[in-house]
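Q: Structure of the sequence below:
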Amino acid sequence: MSTVGLSGTAPNRPAGESCGSEAPEGQRKYLIGGNWKCNGDIAFSMNLIKTFNEAGPIPKNVEVVVCPGSLHTGMALGLLRDDIQIGAQNCGLNAAPGAFTGEICPTQLVDAGVTWVIIGHSERREGFGMAGEDNELVAKKVKVALDSGLNVMFAIGEK
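A: Below is the predicted model:
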């Protein structure tokens, strides 16, 4: 994975701190995810990042993922402590970059250092006043994301 920042160098994220022991073989690891949705401006995001960076240690049997808005993902990748993973709130169906205005393909997310993506959220299924994403489209997006190396938070059952 090439995690190259805007300067052409790998981001140097602040070190995080873990405590406790890893989950024993065969036992699940807990996942805590936070979706920022379409909230906040740069100051809001900087304040959240500061809060996370100052938080105490994360247990080793827990994964923490935050999903900032697309415009703030790069900032989070550069400033958020390294034991908190960065996710995207959506990805395109396209497996590779191309003429897909407004979409972000999964390989672009991986290249930037994003490790997770939310797919199937009820807001996207409802469509923001237009046709939403149906089960078939959501399933295709999950496959493309997984094939690209992303972990998927598959949202189901909210509504």
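Q: CA only for contacts and neighbour counts going forward, please
A: Will do.
Q: which residues does residue 83 contact?
A: By C-alpha atoms under 8 Å, 6 or more residues apart in numbering, the residues touching residue 83 are 15-18, 58, 64.
Q: Those, buried ones only, as a ChimeraX selection?
A: Buried residues among these (16 or more other C-alpha atoms under 10 Å), as a ChimeraX selection:
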select :16,17,58
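Q: Throw the contacts of residue 83 into a markdown table and include pLDDT, thanks.
A: Output for the contacts of residue 83, formatted as a markdown table (pLDDT from 0 to 100):
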| residue | pLDDT |
| --- | --- |
| 15 | 88 |
| 16 | 88 |
| 17 | 84 |
| 18 | 81 |
| 58 | 94 |
| 64 | 97 |
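Q: Just the contacts of residue 83: which are in helices?
A: Within these, no residue falls in helices by DSSP state H.
Q: Out of the contacts of residue 83, list just those in strands.
A: 18, 58, 64 (DSSP state E).
Q: so where's the chain shaky on pLDDT?
A: Applying pLDDT under 70 to the chain picks out residues 1-11, 123-131, 157-159.
Q: got the contact list for stretch 146-159?
A: 95, 106-107, 110, 114-122, 142, 145.
Q: quick one: contacts for residue 80?
A: 13-14, 49-50, 52-53.
Q: and if we set it to 7 Å?
A: 13-14, 49, 53 (C-alpha atoms under 7 Å, 6 or more residues apart in numbering).
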